[in-house]
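Novice: Predicted model follows, preceded by the sequence.
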Amino acid sequence: MNHMTAVNLRSAFGGEAMANMRYKIWSKKALEEGYKNIARLFEAISFAEEVHGSNHFKEFENVEGNYIVASEGGFGLTTTSENLQRAIDGENFEI
Ligand SMILES: [Fe+2]
């Protein structure tokens, strides 16, 4: 694996890991606000992000070491309505 691919893949892994947690947290928030179906949606997306991150991680089968990983990720726990917009914005990520 060339260096740039490894750096980008590690960053992607970091992004997927953060997305996994962010969607889980937003799912709980939606449930607290009484939005059961949105909570299920966030939980399902969280699982998808787990699969994405797991697939990235498996590509490092022959890469060892600890690395600082730079990944963009939104923070903050607001309302479910705002979390939905942030989810849309996050999935339309552009460099
Ligand atoms: Fe993903």
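Specialist: Structure received. For clarity, every value in this text was computed on a predicted model and none was experimentally measured.
Novice: Give me the secondary structure label for residue 34.
Specialist: With DSSP: H, G, I helix; E, B strand; the rest coil as the basis, residue 34 sits in coil.
Novice: For the remainder of this discussion, apply numbering that starts at 40.
Specialist: Sure thing, new numbering starts at 40, so read that last one as residue 73.
Novice: shaky segments in the chain?
Specialist: 134 (pLDDT under 70).
Novice: Near the ion, which residues of it are found?
Specialist: Within the chain, the positions lying close to the ion (Cβ under 5 Å from the ion) are 55, 88, 91. Every residue, glycine included, has its C-beta placed from N, CA and C.
Novice: Can you flag which of these belong to strands?
Specialist: The strands, defined by DSSP state E, take in nothing from those.
Novice: Which ones among the residues you listed lie within helices?
Specialist: 55, 88, 91 (DSSP state H).
Novice: Can you get me a residue count around the second one?
Specialist: Residues within reach of residue 88, counting by other Cβ atoms under 10 Å, total 20.
Novice: same thing with the first one?
Specialist: Taking other Cβ under 10 Å as the neighbour definition, residue 55 ends up with a count of 21.
Novice: Identify the residues contacting it.
Specialist: With contact set as Cβ atoms under 8 Å, 6 or more residues apart in numbering, residue 55 has these partners: 88, 89, 91, 92, 95.
Novice: Tell me the first helix or strand C-terminal of the host helix or strand of residue 77.
Specialist: Here residue 77 sits within helix 75-97, counting by DSSP states H and E. Counting by DSSP H and E, the next helix or strand C-terminal to helix 75-97 is helix 119-130.
Novice: Can you name the residue of the protein nearest the ion?
Specialist: Residue nearest to the ion within the chain (Cβ to the ion): residue 91, separated by 3.6 Å.
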